[in-house]
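[1] Okay, here's the prediction I keep looking at, along with the sequence it came from:
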Amino acid sequence: MNRQYDLLIVDDDPTQIVVLGAMLRPFGQVRFAKRGADALRLARQSIPDLMLLDLQLPDMDGAAVLAEMRRSPLLAEVPVLVLSGTEPAQALPGLHGLGVVACLAKPPDGPVLAACVQAELQAALRRLAQRRPRGSGEPAAAFNRRCFDLLLGLACQDGPREGPLALLRLAPTALQPACDAPVLESLARAVRVAARRPGDCIGHLGADGLALLLPDTDARGAACVARQLLQGPGCPAGLAAGFVVLAPAAPGLPPVAPSMLMGAAETALQAARAAGAGQARQVLWQRGVGAGRALPVPGLDNGLGVVADVAAAVGSPAGPTLAAELPAAGATPGQTPTAAPTAALTAAPAGRPPGDAV
């Protein structure tokens, strides 16, 4: 059963925390918070696969926690199982539209709770495996590291057949502290404003920053994304970006391992961080040749040069948002310029840092 899920218990009763933690530990990592504000902070630091939320908290009620989560670019899609001191039928009407997957009375029966948690985690896994592109213009969803790795694996296997696939990493420079919750929230908000095409999705890598998966995006398009996030309005200062682009696979070639693609983006990011704030780097790797060194992104410091270049290539005017600067995902080959194949072979970055565990 243990797939190393990340569960977050929010309850101000220490006894309930211990009991619930013992029930849920077989599912993986279990973290806890006694206050609503602490729950939001922990969830923003590392997106949980499922939150178990008590409705009565000392600083804010559960409905307020849920409302804040649904407004957050990081937590908008986190499933929540509510624990209520009243009958579920009485508690649910006040939670309408807040994404509650189930409501159980306190104290919950152990087997019933385990079955409910397992059912929701399995349902979430099925939704992830069957994920379909969103409608154009909808903001990108954010996923934790485990889910993003699954999506990246699916994209590497199925995605780069007709168009290129870009993976971009974004984090503070080498001289800046690691990403904390407010920085991640602000950064994710900026990314969601930019990444509004159907296949785009965000990976929350904890203190290591964010990753952005961009289908049908070549090297010039990825450079445009990097510029939008490093120099656009509302983005945190002191950031660097690195990216790699996987060219369409020729018939008969095996898919590229996700760890290779993530490692390439990490190599580019580390080179950009060492170069300083506002810098971006790309790592080039041609199939059958091997990895190259991290290279500066042409035109990043030339004002609107990159944007104008991409717009000219795709035949659309440059605009203030990424949606106007890049072709729509799934566009015909004539609408998407194809750059030289890019990737790299390096070790995958470390996983999420552990949170407060029971």
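    Thanks, I have it.

[2] Where do the helices of the stretch 1-150 of the chain begin and end?
    Shown for the stretch 1-150 of the chain, the helices assigned by DSSP state H, counting those that start in this stretch span residues 14-24, 36-45, 62-71, 88-91, 110-129, 145-158.

[3] Output the contacting helices and strands for the next helix or strand along the chain from the last one.
    Translated: helix 145-158. The C-terminal neighbour of helix 145-158 among helices and strands, as given by DSSP states H and E, is strand 165-172. Here strand 165-172 touches helix 145-158, helix 181-194, strand 210-215, helix 219-231, strand 239-246, helix 258-275, going by 3 or more C-beta pairs under 8 Å, 6 or more residues apart in numbering; DSSP states H and E. Every residue, glycine included, has its C-beta placed from N, CA and C.

[4] closest to residue 252 out of those?
    Among the helices and strands packed on strand 165-172, the nearest to residue 252 by C-beta to C-beta is helix 145-158 (14.8 Å).

[5] I'd like the average pLDDT over that closest one.
    Average pLDDT, helix 145-158: 86.

[6] What is it packed up against?
    With contacts defined as 3+ C-beta pairs under 8 Å, 6+ apart, the secondary structure elements packing on helix 145-158 are helix 110-129, strand 165-172, strand 201-204, strand 210-215, helix 258-275.

[7] so who does residue 192 touch?
    Residue 192 sits next to 73, 139, 140, 142, 202 when contact means C-beta atoms under 8 Å, 6 or more residues apart in numbering.

[8] quick one, what contacts the closest residue to residue 184 other than its chain neighbours?
    In space, residue 184 comes closest to residue 44 once its chain neighbours are excluded; the distance is 5.9 Å by C-beta to C-beta, 6 or more residues apart in numbering. Contacts for residue 44 (C-beta under 8 Å, 6+ apart) come out as 72, 74, 75, 181, 184, 185.

[9] can you check residue 181 too?
    41, 44, 45.

[10] Look up how far residue 127 lies from the first one.
    What it means is residue 41. For residue 41, the distance to residue 127 equals 26 Å [C-beta to C-beta, to the nearest Å].

[11] Highest mean neighbour count out of the helices of the stretch 1-150 of the chain?
    Comparing the helices of the stretch 1-150 of the chain by mean neighbour count (mean count of other C-beta atoms under 10 Å), helix 36-45 comes out on top with a mean of 21.

[12] I'd like the helices of the stretch 1-150 of the chain as TSV, with distance to residue 271 appended.
    Compiled in TSV, those are given as follows (distance: least, C-beta to C-beta, whole Å):
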stretch	distance to residue 271
helix 14-24	41
helix 36-45	26
helix 62-71	35
helix 88-91	52
helix 110-129	31
helix 145-158	21
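
[13] weakest of those helices in terms of mean pLDDT?
    helix 88-91 - the lowest mean pLDDT of those, at a mean of 62.

[14] picking up where we left off before, for the helices and strands packed on helix 145-158, which one sits closest to residue 229?
    Between these, strand 165-172 lies closest to residue 229; by C-beta to C-beta that is 5.9 Å.

[15] Could you tell me the angle between that closest one and helix 181-194?
    150 degrees (axes from the mean of the first three to the mean of the last three C-alpha atoms, to 10 degrees).

[16] Each with direction, which strands does strand 165-172 pair with?
    With DSSP bridges as the test, strand 165-172 is paired with strand 210-215 (antiparallel), strand 239-246 (antiparallel).

[17] winner for burial among those strands?
    Highest mean neighbour count among these (mean count of other C-beta under 10 Å): strand 239-246, with a mean of 29.

[18] Can I get that strand as CSV, trimmed to CA atoms?
    Extracted C-alpha coordinates of strand 239-246, given in CSV (Å, rounded to 0.1, in the frame of the first residue of the first chain):
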residue,chain,number,x,y,z
LEU,A,239,15.5,34.3,-9.7
ALA,A,240,17.3,32.2,-12.3
ALA,A,241,15.9,29.8,-14.9
GLY,A,242,17.2,26.8,-16.8
PHE,A,243,15.5,24.7,-19.5
VAL,A,244,15.9,21.8,-21.9
VAL,A,245,13.9,21.0,-25.0
LEU,A,246,13.2,17.5,-26.2
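
[19] what angle sits between it and helix 219-231?
    Calculated by the same axes, to 10 degrees, strand 239-246 forms an angle of 170 degrees with helix 219-231.

[20] just how off-centre is strand 239-246 within its chain?
    Taking C-alpha atoms, centre = their mean, to the nearest Å, the mean C-alpha location of strand 239-246 is offset from the chain mean by 15 Å.

[21] circling back: which of the contacts of residue 192 fall in strands?
    142, 202 (DSSP state E).

[22] Kindly write the ChimeraX command that selects the buried subset of the contacts of residue 192.
    A single ChimeraX command selects the buried members of these (16 or more other C-beta atoms under 10 Å):
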select :73,139,140,142,202
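
[23] Alright, that wraps it up for me.
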